[in-house]
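**Student:** Quick one, fold the following:
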Amino acid sequence: MAKITIYTDGAAKGNPGNGGYGVVMMSGKHRKELSEGFRLTTNNRMELLSVIVALESIKTASADVAVFSDSKYVVDSVEKGWVFGWQKKGFKGKKNVDLWKRFLVIYPKHSVKFNWVKGHAGNVFNERCDELAVDAAEGTDLLVDQGYEQTGETNLFDS
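**Tutor:** Modelled structure (predicted):
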């Protein structure tokens, strides 16, 4: 089983505001960095999306994955089992349902352990993820976070 270490972080300039995520993935001698920026989103969405994108980018099946995040929202939701209860209750009253559903598709494909790390405390990989997330949030050609911006309103001019 492949052993993969993942560090993740999310950022939002305003909450909501433009945001981004950063990921550092390591396995053996291999290292990969990922980041993207969005024009309107929240910090929690970017924290969660960073984990999802990292897990989705793993090319091997059934990897042994250690995720390190400074997001109590993400780490506690999984490690304390909250998200599985939310799923059973149809996510009633919960935020970021689109992302949690996406997470629940990829999560069981690997053996994943979440670890909380203190942010801005000198952890080299957490600091790098923060840098990637902030740079992405401040970039140009920001993407649309459909799950956040989608209002569900019908366009009256569509037929």
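
**Student:** okay, CA-based contacts and neighbour counts for the rest of this
**Tutor:** Noted.

**Student:** can you pull the buried residues of stretch 139-147?
**Tutor:** Residues of stretch 139-147 classed as buried by neighbour count (16 or more other Cα atoms under 10 Å): 139, 142, 145.

**Student:** could the residues you listed go into CSV alongside pLDDT, secondary structure and distance to Lys88?
**Tutor:** Formatted as CSV, the buried residues of stretch 139-147 follow (pLDDT from 0 to 100; DSSP: H, G, I helix; E, B strand; the rest coil; distance: Cα to Cα, whole Å):
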residue, pLDDT, secondary structure, distance to Lys88
Gly139, 96, coil, 38
Leu142, 97, coil, 34
Asp145, 94, coil, 25
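
**Student:** just those residues now: which is nearest Lys95?
**Tutor:** Each of the buried residues of stretch 139-147 was checked against Lys95 using Cα to Cα; the closest is Asp145, at 14.0 Å.

**Student:** what sits against the closest one?
**Tutor:** Asp145 is in contact with 38-41, counting by Cα atoms under 8 Å, 6 or more residues apart in numbering.
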